[in-house]
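S.K.: Sequence and computational prediction follow.
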Amino acid sequence: MEVSEEPAEDEMAQARNLRLSREAIFTYAAYPLLLLGALLVLPLPFSYLGIFHYSTVMPDVLVISGISVMFFGAFYDFGAKGYVMELIDNHFRITEIDMNHIYKQQVKLMGIYIGLGLLYVVCGVIIFAF
Amino acid sequence: MAAELIQKKSSAQKGTETILEVKDFSVKFKTFRGELNALDRINLELKNGEILGIIGESGSGKSTLALSLMGMIPENGKVEGRVRLFGKTVAATDISGEALLKMKRKKAKILSEKLRNIRWKDVSMVFQGSMNAFNPVYTIYKQIAEVYRIHTDYDEERIRKKVTETVKRAGLNPVILNSFPHELSGGMKQRAVIAMALALNPSLVIADEPTTGLDVVTQARIITELKNIVIKRVNSMMIISHDIGVVAQLATRVVVLYSGWIMESGSIEDIYLRPSNPYTKASLESYPSIASEKIFMKGIPGTPPDPINPPPGCRFAPRCFFAREICSREEPPFAQVEPGHFSKCHFAAEVISSGGRGKVEVKDEQFGSGVSADDKVLIVENLSKFYDLRTSLAGRLFSRASQRRIVRAVDHVSLDIRTSEILGIVGESGSGKTTFGRTAIALIPSSGGDVKLKVGTNELSKSVSESDGHAIGITVGNEEYMDVTALRRGQRNYKLLRKKTQIIFQDPYDSLDPKMTVFDVIREPIIAHRTTRDPEQVLMMVRDTLASVKLTPPENFLYRYPHELSGGERQRVAAARALVLRPEVLVADEPISMLDVSLRAGFMNLLLELRNRFGVTIIYITHDIASARYVSDRIVVLYLGIAVEMGSSEDIVRYPHHPYTRALIDAVPNPTPNWNPRELKIVGDIGNAVNVPKGCRFYERCVYAQDMCRVTPPPVQTDGAHWYLCHFTQEQLAGITPRSG
Amino acid sequence: MNIYLIIRKVVQSAILIVSMAAVLFVIFRLMPGNPAELFLHDARTHFATKQELQIIEARLGLTGGKWNFENFLIYMKDMFTFNFGYDYYSQESVATLIGNSMPYSLLLLGTALALSFVVGLPLGILATWYHGKKKEAVINTSNLILNSIPYFILAIVFYLYFVAFYPIFPVRGSFSTFDLYHMYDPSILVTVLWKMTLPLLSLVLVEEAAHVLTMRAAMVSVMGEDFITTARAKGVAERTIFFRHAARNAMIPVSTRMALEFAFLTSGAIFVEAIFSWPGIGTLIYQSALNEDYPVSEGALFTISLVVIIAYSIIDFVHAWLDPRISA
């Protein structure tokens, strides 16, 4: 088969691309973290008003949210489908290596989301313990 | 040379043996609406060594004919007459899809066994490879090997050897054998299809639209390949195509099909030089060619007949410029005009004496020439459109760090478009021509550069706050322009831009809402731009526009839905929608590529006429140089996002300067008998606009490329109005020995 | 197949199971009533002391209220160690109950699934093979009718007809508990098969119809493709075209529905088992639901979800193998 691989970018650009890719991962990781913060802080005033018991309700809420985050991380494709469609539209050749990289990044993010989900659970346990 | 060889070969064997005989052959299909006449009393003969071309547009029955020759008539097909191949009957009243259905199982089994043994071994088929000719779930190897498994008793080892050999002979690397069909490019798939067809060295090969859907360059290569096959490997071939030019390059004898009838048959010279049937003549006259002078094409009016209720008398009569009273009453006889030249027409003798191509008078105003070079309607400067796949979050995440992910779809293109001119934009698929058309009128935002659109004085609303401090209005010379690239959606001037620029899309089936009547479709822009609220006036505007796109009388079309219209009529409705607000600039994006061949000339003439009547400027985007030359005043050639050559359309076609343009022009098929394509001076495929070379963008495919081309971007070489991007002048290029393509 | 893809699929299944357990926790806590009082169901005539109630609550994992977080953690731990608690009535371990009925269910479900494929897919292909003939109409109409009947209606009709009015098959009681572990003995095998006939039929007939309909639709669309014409022109025998070229392609849409069908089948099996008192997990769920026997319901539902999820992921892999074009 004709192998017309795109030429590699120079080192500077590669480093930049790597940085961009890491930043993207951090951006994706930021959303559940922000949500966690919001979940922890937002009910506080209501709890202060005595509408519900913070330490009894929050653990349940946090654990359920944590499992939801894990669920999302495992099943969302993180925009991979759209990205592949974009590649096709722009006449890129999609090789095995590309697909492998996509799957790898997905697994990475899935791992991160599961970790964050566990963080939710840990938060729940801590709140319960106090 | 190739043509001589073909001729020599065919004359040496001519008349020796009839391998195919089709006699009074009719095929009717049962459908919900009634009986569909696919083929009506066809008579054909193919002698050993002949290359028979079959010309016909969609619905002419050409595919049914191809299937019948292999004994593969679908189950709802009823047959009269018969087809004999190598002395064996493959289709007859008792050998048809319907007959097989009714037959006793045992008998049907024996019969289909018999038919199967003929297939591929004696007669094989080259299908349209760009379609699904290969089964998507098996590798190419498995599918070619299957041929040997069925028809030979070779062992596994020998089959493997044979398959590899076959693929090599078709000019493919045997590595592709282990790939699945979706992993190959269009050209490679077509070659694999040809390799499979030749696997068993059949005596007859039927090529059914072998080049449809391929780019011109690839098409030229496949045609050369087929020519070589005819010279070296098979005795007889049948080329079935809607493209007169493709058939002209290969066939020695031609049959013209129309609505299930053979309209004309004869040697290639007979058909192309002395057509004796109005349909053939009209088709030839409405095929844009770049080899001959630019002449006015009349086109064929109307649409192909309904195959279920064909008109009485001659089926072509309603569209025929020759038709007299008798034509709509009596079916014309299929009579001999000259020795070996038959025609189905009452007035065949008269048609033939009226002469061949070029008799239609050229009227200057049909093309229009009053375009002033100073009067610019659109000034495009360094227009660029880069897609950075890393702009999106997902793109950054999934791109590999070592790979470029910036597509230069349009890269610093500068040109002026003159008022009321038709500017042709030509390029292979992936050259960025569609993106250019859309960024030029700001349908999609550009990444850089300026586009200025001429506006009348006081048309612009000039409030500064609206344009965020940017000056939308610009004065160049003593004309007002608006800065299109600075406009943002929602501004008042944006509406003006939309009103002044319109687009016609490629696919007339997708671009019209199926739930809207023609009236609604055309009325929509009037309502959206609040041009008028008076219903009477709206109706008037719609009717006038319909009349101006030749949908007459307009009353017949107003309340019809898109599905009730033919492809050509839909495209006219799309044009009417674009024109109803009288725009300054109209972008026509491949407007004829989805239309039937007989309707294309008509639509091109419509564009010319609209320009002449309303002075609209048209940007005509196409992959077909011949049609661009016919409609446009000037042509720009795009290659991977940059404009490589520009000049008047005659200059581009007659004296192409850039090596790429030369290759494109050389690749265009020409409807003259035994026309030989020049050797294609181009390497490889277009690829994508990602790994663009530092220097000349055409470097990798150029046969004249030198070391300097790799690193230094080429300067503009110009002689007045005609310019091209290259390091070398024409004299210098002539001095370089090209590397082999 | 790609290793990362495999990891992803496996983790997906794992997460699905965890979420499933959590959802079950929530659903059962949302039900009205106090399980501890239900536990004393029989003894409700006498007044339970507070102490007694507390002991029972502790045993049921309800100390500190239904939504107590500690209970949730214990619940999750219990679920994944298959420690589902005890039956309110017999005081037997739920795990043992499930362990006892699971083989019966797997036997019924597995046979039904396999049979429905063995019957349905070829029938779907045959319907296309007889395209335009009377046989096609017969296959189509009968399967369309069968497919529109819910499992339990068919089961009830069968029960009324073949057990109540014309007692060809054994009556209700005798379906329960029989020797499954000695099926190598022909006489026992015959008894098992005999008892299985009606529940199996009511599952297979409906399920098989779904396969026929999807397979036929997929076959018809595939048979219109260009590569079928190519195969025909190559001289491939019509039968080979059907089974090698068309059926393989038609299996792709069918296999995507397979997972869904399996879930349907499982839910259908619960009713069918209950109707025929087939001693499987379906009957267990049915009875526990009637008795408000929460630990049993919880455990049984969890186990069934587990089975379905595992089946899902297996089907996923089959699908990827069938279609080489499969991607993200």
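M.R.: Received it, and whenever you're ready, just let me know what you need.
S.K.: drop to CA atoms for contacts and neighbour counts, all remaining ones
M.R.: OK.
S.K.: Residues of chain B that sit close to chain A?
M.R.: Residues of chain B found near chain A (C-alpha under 8 Å from any C-alpha of the partner chain) are B:173-176, B:389, B:393-404, B:407, B:430, B:687-688, B:690-691.
S.K.: Select only the buried ones of those in ChimeraX?
M.R.: ChimeraX command restricting the residues of chain B next to chain A to the buried ones, with burial defined by 16 or more other C-alpha atoms under 10 Å in any protein chain shown:
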select /B:174,176,389,393,394,395,396,397,398,399,400,401,402,403,404,407,430,687,688,690,691
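S.K.: Tell me which of the residues of chain B next to chain A fall in helices.
M.R.: Counting by DSSP state H, the residues of chain B next to chain A place B:L393, B:A394, B:G395, B:R396, B:L397, B:F398 in helices.
S.K.: Include pLDDT and distance to chain C when you put the residues you listed into CSV, please.
M.R.: As requested, these are arranged in CSV below (pLDDT from 0 to 100; distance: C-alpha to the nearest C-alpha, whole Å):
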residue, pLDDT, distance to chain C
B:L393, 83, 17
B:A394, 83, 13
B:G395, 83, 14
B:R396, 85, 16
B:L397, 84, 14
B:F398, 85, 12
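S.K.: Pull up the per-residue confidence for C:M183.
M.R.: Note on C:M183: pLDDT of 67.
S.K.: same thing with B:V587?
M.R.: 92.
S.K.: Determine the number of other residues adjacent to it.
M.R.: Other residues within reach of B:V587, judged by other C-alpha atoms under 10 Å in any protein chain shown, total 24.
S.K.: Isn't it up against B:T622?
M.R.: No. Here B:V587 lies out of contact with B:T622, judged by C-alpha atoms under 8 Å, at a distance of 11.0 Å.
S.K.: anything in contact with each of those two?
M.R.: Here B:V587 and B:T622 share no contacting residue, scored by C-alpha atoms under 8 Å, 6 or more residues apart in numbering or on different chains.
S.K.: quick check, B:L44 in a helix?
M.R.: No. Following the definition DSSP: H, G, I helix; E, B strand; the rest coil, B:L44 is strand and is not counted among the residues of a helix.
S.K.: Please name the bridge partners of the nearest residue to B:I503 once chain neighbours are set aside.
M.R.: Leaving aside its chain neighbours, B:I503 sits nearest to B:V587 (4.5 Å; criterion: C-alpha to C-alpha, 6 or more residues apart in numbering or on different chains). When bridges are taken as DSSP bridges, the partners of B:V587 come out as B:I503, B:I619.
S.K.: contacting residues for B:S354?
M.R.: When contacts are counted by C-alpha under 8 Å, 6+ apart, B:S354 is found next to no other residue.
S.K.: Which pLDDT does the model give the residue nearest to the spatial centre of chain B?
M.R.: The central residue of chain B, meaning the one whose C-alpha is nearest the mean C-alpha position (C-alpha atoms, centre = their mean), is B:S593 at 5.0 Å. Confidence per residue is given as pLDDT, and for B:S593 that number is 82.
S.K.: One more: C:Q12?
M.R.: For C:Q12, the pLDDT comes out at 90.
S.K.: Helix, strand or coil: sort out it for me.
M.R.: C:Q12 falls in the helix class when you classify it by three-state DSSP.
S.K.: again, but for C:A300
M.R.: On the basis of three-state DSSP, C:A300 is classed as helix.
S.K.: number of nearby residues for it?
M.R.: Neighbour number of C:A300 under other C-alpha under 10 Å is 25.
S.K.: in what helix or strand does C:N71 lie?
M.R.: Secondary structure here is read from DSSP states H and E; on that basis C:N71 sits in helix C:69-80.
S.K.: hey, C-alpha coordinates of that helix in CSV?
M.R.: The C-alpha coordinates for helix C:69-80 follow below in CSV (Å, rounded to 0.1, in the frame of the first residue of the first chain):
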residue,chain,number,x,y,z
PHE,C,69,-24.5,6.0,54.7
GLU,C,70,-22.8,3.3,56.7
ASN,C,71,-25.5,0.9,55.6
PHE,C,72,-24.8,1.8,52.0
LEU,C,73,-21.1,1.0,52.3
ILE,C,74,-22.0,-2.3,54.0
TYR,C,75,-24.6,-3.0,51.3
MET,C,76,-22.1,-2.5,48.5
LYS,C,77,-19.6,-4.7,50.2
ASP,C,78,-22.3,-7.4,50.7
MET,C,79,-23.4,-7.2,47.1
PHE,C,80,-19.9,-7.8,45.8
